[in-house]
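> sequence-free structure coming up:
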């Protein structure tokens, strides 16, 4: 029933208070019979979900005590996304990466409570990783219910369950993620999956929960939220799917600086000026990139030094400024975070996406396909010198949390085959072929790609199925420009007519590729491939000091890049003759001429570097000795 006037005056004012006082008077006149009329008046005033969330339900605020929720910046943006999904006729499916203490959990506990209070015969479930945190989340909804000015009667209001009495029957559950049985026997209409990276067997438990939600009910919602903990596991994979438009979830990121309280004023102008003079160039770039105030930067340093033992990696994990930073490793990353941020900022969608095929007369043909395996950012230029690094899939998948290769089964995916195309004069990454094909078919696609890019130098990995790729390139396709291994002291792997082709990735040679990439990343790798940027971020040194991708993450593009850089390095040293603008001779000449004419006809071939939309590279000196960008062998 409605609360007494003194209680109402403590938390509400204005029109809200007038309506609540009217409900109180109605209760005084009719007693318990007034409940239906009171709630009718109540919801005629608090007539939208947003007005109830912001004005009707109370929370315990860290700073202001007991108050109505009142959306902060993160909550405002979250609710806007929810409304956008509904407006498009979609069930609400959101995955959230956030900094700590953004009010996301409190928001969804009240959102879930509102769903149950305003709809009969509905069930929602909140899942957290342990009993203590689950109890804390339940307490937020229970507090809103217990302090509701006119709550519905309940049949049960304890032990993680708030069940409304007949005839409403809706139920609000909070449980821990200890077992896939957490949702057994339930038909759910809303799920709040909190701190998923800390769940045991998160993929299995979440899948069991989500299957309890009717797929054909648009008035349902599922939210995954967490402070990220490393670029691996179910939550990281789900986030990558969301940002790439797969799986039906919309991605939402909340940076630390959206929170107004994350500022620290200076005590004097002298303190501020002293602080500003001691800011490093990296910190100043960080401030400018995110549009921060000096007071926010002051809080950042204070928080890192006082609460996080000056551990900048921990701050990035707990208080990220970007989604990429949120998944940063705690100090064992192969590539420096600041360099990766700059690379990620330059990533864009390709200007062309599709497949490439090779006709019987060796004519490469581009076939548009939104789900294709070839992404092109820059089309071939007449004067371009191109190198293709080719990493060949062995059809294996990584075990969870290990680097051991096993045969791919079930939902596991094997490694991809990859072709990374670099323009050697500028260092620009212009195209990527990335997909699953049998080695012989991949060799054909690789040849087509290399012919498209001015008969590029192909640097294939020779390990395992790489031998089949090289055999197909040399013996069947007669591709004329293949990397010949010149590594000293390394076992020769393949001999075709006394010429040894390809690059063998092994314990002695893998560091060569990693060093190439490390130098390129540190000097400003010019790539727009978001997939490559993501793989670079997941590279970590294992316990033996070997650079590998974490968990089930892939490193195919990374190795393809390393192989391409090895080819560019050979060009620098003069070990390989550049093939720029050299048209094929003999019977291939007419075929190649038709390819170039087709590209020009479709506006896909430019006659000069000035027409290119590619990055501004270091210029024509890229192949000169001493170039800053080029990795030296």
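In hand now; what should we look at? Computed from a prediction, not measured in an experiment: that's the story for all the values here.

> for residue 281, give its distance to residue 336.
14 Å (C-beta to C-beta, to the nearest Å). For the C-beta atoms, the positions are set from N, CA and C on the backbone; glycine is no exception.

> please apply the same query to residue 251.
25 Å.

> kindly report the same for residue 206.
Residue 206 is 33 Å from residue 336, by C-beta to C-beta.

> who has more neighbours, these two?
residue 206 (24 against 11; other C-beta atoms under 10 Å).

> how about the secondary structure of the more buried one?
helix (DSSP: H, G, I helix; E, B strand; the rest coil).

> now do residue 478
coil.

> quick check: bridge partners of the residue nearest to residue 333 when sequence neighbours are not counted?
Closest residue in space to residue 333, ignoring its immediate chain neighbours: residue 540 at 5.9 Å, by C-beta to C-beta, 6 or more residues apart in numbering. Assessed by DSSP bridges, residue 540 has beta-bridge partners residue 333, residue 548.

> burial measure for residue 540, as a count.
When neighbours are counted by other C-beta under 10 Å, residue 540 registers 23.

> so it is in contact with residue 547, correct?
Yes. Counting by C-beta atoms under 8 Å, residue 540 does reach residue 547; the two are 7.4 Å apart.

> now the common contact residues for the two.
Residues touching both residue 540 and residue 547 (C-beta atoms under 8 Å, 6 or more residues apart in numbering): residue 334.

> what's the host helix or strand of residue 558 packed up against?
Taking DSSP states H and E as the definition, one finds residue 558 inside helix 556-573. Packing partners of helix 556-573 (3 or more C-beta pairs under 8 Å, 6 or more residues apart in numbering; DSSP states H and E): strand 386-391, strand 417-423, strand 428-435, strand 457-460, helix 510-522, helix 530-538.

> show me where the stretch 451-600 of the chain dips below the pLDDT cut-off.
Of all residues in the stretch 451-600 of the chain, those with pLDDT under 70 make up the ranges 486-499, 543, 550-553, 574-600.

> show me where pLDDT drops low in the chain?
1, 328-331, 394-414, 486-499, 543, 550-553, 574-633.

> same thing but at 50, please
397-412, 488-498, 580-589, 591-592, 595, 602-633 (pLDDT under 50).

> mind listing what the residue most central in space within it touches?
The chain has residue 240 as the residue nearest its centroid, 3.8 Å off, counting by C-alpha atoms, centre = their mean. Taking C-beta under 8 Å, 6+ apart as the contact definition, residue 240 lies against residue 534.

> what about it, which helix or strand?
Going by DSSP H and E, residue 240 is in helix 233-243.

> what residues sit buried inside that helix?
Using 16 or more other C-beta atoms under 10 Å as the burial criterion, the residues of helix 233-243 that qualify are 233, 234, 235, 236, 237, 238, 239, 240, 242, 243.

> ok, now stretch 78-86?
Buried-residue list, stretch 78-86, by 16+ other C-beta under 10 Å: 78, 79, 81, 82, 85.

> would a markdown table of the residues you listed with distance to residue 370 and secondary structure be doable?
Below are the buried residues of stretch 78-86 laid out as a markdown table (distance: C-beta to C-beta, whole Å; DSSP: H, G, I helix; E, B strand; the rest coil):
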| residue | distance to residue 370 | secondary structure |
| --- | --- | --- |
| 78 | 30 | helix |
| 79 | 32 | helix |
| 81 | 24 | helix |
| 82 | 28 | helix |
| 85 | 22 | helix |
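
> could the residues you listed go into a markdown table alongside distance to residue 568?
As requested, the buried residues of stretch 78-86 are exported to a markdown table (distance: C-beta to C-beta, whole Å):
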| residue | distance to residue 568 |
| --- | --- |
| 78 | 46 |
| 79 | 50 |
| 81 | 43 |
| 82 | 48 |
| 85 | 45 |
